[in-house]
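Asks: Return a 3D structure for these sequence lines:
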Amino acid sequence: MGSGIGIAPSIMINRMVHEKGVPQAGHLLEVARLRAEMMQAQAENAAAPLPTSAPAEAPLNGAEVDLLI
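Replies: Residues are numbered from 1 along each chain as shown. The predicted model follows:
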């Protein structure tokens, strides 16, 4: 398995869903759930007194997605 460093966030989330073996019928629902989870983690991180990482509008790569999810 390669690293997620050079992968766009949307591709990383789709890859994570695919690797989980989610049935095709539930694929979009799982992608939406993971995106919501990522956005919630970003908001919590930005609001924390000592953020664990620099807050960003959107994750820049797959590695940041992995950290948030």
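Asks: Now the residue lying farthest from the centre of the chain. Its backbone dihedrals?
Replies: Computed with C-alpha atoms, centre = their mean, the residue of the chain farthest from its C-alpha average is Pro49, at 22.1 Å. Main-chain dihedrals, Pro49, degrees, to the nearest 10: phi -60, psi -40.
Asks: residues touching Ile13, list them.
Replies: Contacts were defined as C-beta atoms under 8 Å, 6 or more residues apart in numbering; by that measure Ile13 touches 31, 34-35, 38, 65, 69. Every C-beta, even on glycine, is put in place using the N, C-alpha and C of the backbone.
Asks: Find the residue ranges of this protein scoring beneath the pLDDT cut-off.
Replies: Low-confidence segments of the chain (pLDDT under 70): 1-6, 51-62, 67, 69.
Asks: for the residue minimising distance to the centre of it, helix, strand, or coil?
Replies: Against the mean C-alpha coordinate of the chain, by C-alpha atoms, centre = their mean, the closest residue is Val65 at 3.4 Å. Taking DSSP: H, G, I helix; E, B strand; the rest coil as the rule, one finds Val65 in the helix state.
Asks: so the nearest residue to it once chain neighbours are set aside is in which element?
Replies: In space, and not counting its chain neighbours, Val65 is closest to Met12: 4.3 Å by C-beta to C-beta, 6 or more residues apart in numbering. Secondary structure assignment for Met12, by DSSP states H and E: helix 9-20.
Asks: And the longest helix seen in the chain, what does it pack against?
Replies: The longest helix of the chain (DSSP state H) is helix 27-47. Here helix 27-47 touches helix 9-20, helix 62-68, going by 3 or more C-beta pairs under 8 Å, 6 or more residues apart in numbering; DSSP states H and E.
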